[in-house]
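Colleague: Can you look at this prediction? I've put the sequence above it.
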Amino acid sequence: MNILVSNFGRQHASRLLLALEQKGWLTAFYTALATEKLPQQVLPQIWQKALRKRAFSGIPIQKIEHFPVLFLLERALRSLLPGISRTTGDWFDRHVASRLEKVRPDLVLTYENTNRETMRTAKRLGIPTVLDLAQIHHDDITAYGRWFMSPEELKEETEVVNPRKAEALQYTDYVLVLSTFAAASMIRHGWPSNRLFTINLGIDPQQFTPKEHYPAEGPLRLLFVGTITRRKGLAILLEACNNLKHLPVELTLIGPMSDGSDLVRENAGRFRYLPFLHHDQLAAHYQEADVFVFPSLLDSWAQTVMESMACGTPVIVTENTGAKDAVYQGGGWVIPANDASALRSCLLHCAANRDEIETKGRQAHAIARLYTWEHYYRQIADALREITRREHLASEL
């Protein structure tokens, strides 16, 4: 089985690539930038640190083709030319499409926004196509987007982005999603359930280990980890906390700054903010918190939820967070999305029931241990075996 993977960005592609490489199924990977293929000795130290997330460890570099000039051009010009990402993405997409006839893989696996021509060409050549969907159906993104997008952003999504995604879906045979939340979104918009595979992301239980102590008194220590953006429900979190002034609460926010900078400024002094931490440092913060709060307005999964659970810290998530699949099994609370009142009530409940925090925290750790990267690799392998069986691509994998 030979599988070609194309992803202009990164998302969780590095883990998918490892799953394929372990099985000997990866034939080629196309991306904007792979740091392994850059001459490290000529890169300034600050660049090496910034580009660390573009590493695809464990993948033979001869299987990777990247376009560093295109990557740097897009990064340099995107603030000046808003449409540059689409232009560079389309160039990348056309190049990958042009390689299909020569490579002739058994299966093509792509990601949204830069896959339209690749999927179209694959279908013309009779190659089955798979979309690894990092989010939910595009029409639902704009439906929920009214909570966190500007009018200009909504217009762009509705009139430009969504039609491109919809066209790519016409040439897609199967879709991989991260959660039942994402699966329900696709089915609601007409995608056949029998061409849908739900595959949860994993965690490393060696990195995120359980706490030993659950304080029965003192301030309620709340933690949020994720990009500082309105989509993560930060406005709801801050509103709920601001309405708990009679209750001693300590809130810590950890994550890179995005469009939530105004919220941070307006609420300065009411929380501690840390822009970035390595995993070992992050695990300590998960363990120190009483409750992890992730009131996202839209997340197909949410890796930080699982990391917190693995550390024995119970979580509060919304119905619009894919990781609720794990939380519903125990280890936390699920509340309606975009509801500060519901979040405030849940926080009050936690403060008044500290023993329940320990009970749910221990449940959270037990549940999170089921969501390992090894489990993810098995899910990927099982899904691709089923697809090859249906497409008569191989008698045995």
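Modeller: Sure thing, it's come through.
Colleague: Tell me the spatial nearest neighbour of Val160, not counting adjacent residues.
Modeller: Using CB to CB, 6 or more residues apart in numbering and skipping the chain neighbours, the partner closest in space to Val160 is Arg86 (7.7 Å). For the C-beta atoms, the positions are set from N, CA and C on the backbone; glycine is no exception.
Colleague: Count the residues that sit near the one you found.
Modeller: Neighbourhood size, Arg86 [other CB atoms under 10 Å]: 17.
Colleague: for the one 10 residues further on, same thing?
Modeller: Other residues within reach of Val96, judged by other CB under 10 Å, total 27.
Colleague: quick revisit: and the residue nearest to Val160, how close does it get to His95?
Modeller: Per CB to CB, to the nearest Å, Arg86 is found 15 Å from His95.
Colleague: try Gly322
Modeller: Where His95 is concerned, Gly322 sits at a distance of 32 Å (CB to CB).
Colleague: same question, Asp299
Modeller: 31 Å.
Colleague: which of the two has more neighbours?
Modeller: More crowded of Asp299 and His95, by other CB under 10 Å: Asp299, with 28 against 16.
Colleague: need the contact list for the more buried one.
Modeller: 231-232, 320-323 (CB atoms under 8 Å, 6 or more residues apart in numbering).
Colleague: In the beta-sheet assignment, what are the partners of it?
Modeller: Asp299 forms beta bridges with Thr321, as assigned by DSSP bridges.
Colleague: now do Ile254
Modeller: Val225, Leu274.
Colleague: thought it was touching Leu223?
Modeller: Yes - counting by CB atoms under 8 Å, Ile254 touches Leu223, with 7.2 Å between them.
Colleague: Need the residues touching each of these two.
Modeller: Contacts common to Ile254 and Leu223, judged by CB under 8 Å, 6+ apart, are His285.
Colleague: who has more neighbours, those two?
Modeller: Leu223 (26 against 20).
Colleague: okay, now the closest residue in space to that one that isn't next to it in sequence: neighbour count?
Modeller: Among residues not flanking Leu223 along the chain, Ala289 sits closest, at 3.6 Å (CB to CB, 6+ apart). Close neighbours of Ala289, defined as other CB under 10 Å, add up to 25.
Colleague: now swap in Arg265 and tell me
Modeller: So Arg265, with other CB under 10 Å, has 8 neighbours.
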